[in-house]
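Undergrad: one predicted model, sequence on top.
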Amino acid sequence: MATVTIVIHTDNAAFENDPWGEVASILEKQVARDMRNEYYYVGCVNVGLIDVMGNVCGKVSIQDE
């Protein structure tokens, strides 16, 4: 088993008008897609997440328990 950690910082302009919509978009369009395509793997650390404006706004890590 593994622990998946997703951190999204909502302190930039992409999150001003609809912060939860932007979070949902990142989870749907990046995290879910990349997990289905096996982009993430056990042992990956701090793989960047990108907001709609092209800025790094978070990270994904997967660690073995």
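TA: All right, it came through fine. Keep in mind it's a predicted model, so treat the numbers as computed, not measured.
Undergrad: what's the mean pLDDT across the helix or strand where residue 20 lies?
TA: Per DSSP states H and E, residue 20 falls inside helix 19-26. Averaging pLDDT along helix 19-26 gives 97.
Undergrad: my read: residue 14 touches residue 50, true?
TA: No: in this structure, residue 14 is not within contact of residue 50 by C-beta atoms under 8 Å, at 9.4 Å. For every residue, glycine as well, the C-beta is placed using N, CA and C.
Undergrad: which SSE is residue 61 in?
TA: With DSSP H and E as criterion, residue 61 is part of strand 56-64.
Undergrad: partner strands of that strand and their direction?
TA: Here strand 56-64 is paired, per DSSP bridges, with strand 2-8 (antiparallel), strand 47-50 (antiparallel).
Undergrad: orientation of it relative to helix 19-26 in degrees?
TA: 50 degrees (axes from the mean of the first three to the mean of the last three C-alpha atoms, to 10 degrees).
Undergrad: buried residues of strand 56-64, list them for me.
TA: 57, 58, 59, 60, 61, 62 (16 or more other C-beta atoms under 10 Å).
Undergrad: what does stretch 2-19 give?
TA: Buried residues in stretch 2-19 (16+ other C-beta under 10 Å): 6, 8, 14, 15.
Undergrad: so who does the last one touch?
TA: Residue 15 sits next to 22, 23, 51, 57 when contact means C-beta atoms under 8 Å, 6 or more residues apart in numbering.
Undergrad: run the last query once more with 7 Å
TA: residue 22 (C-beta atoms under 7 Å, 6 or more residues apart in numbering).
Undergrad: what's the spacing between it and residue 37?
TA: 26 Å (C-beta to C-beta, to the nearest Å).
Undergrad: likewise for the second one?
TA: With the distance defined as C-beta to C-beta, residue 8 ends up 20 Å from residue 37.
Undergrad: okay, and the common contacts of residue 14 and residue 50?
TA: Contacts common to residue 14 and residue 50, judged by C-beta under 7 Å, 6+ apart, are residue 57.
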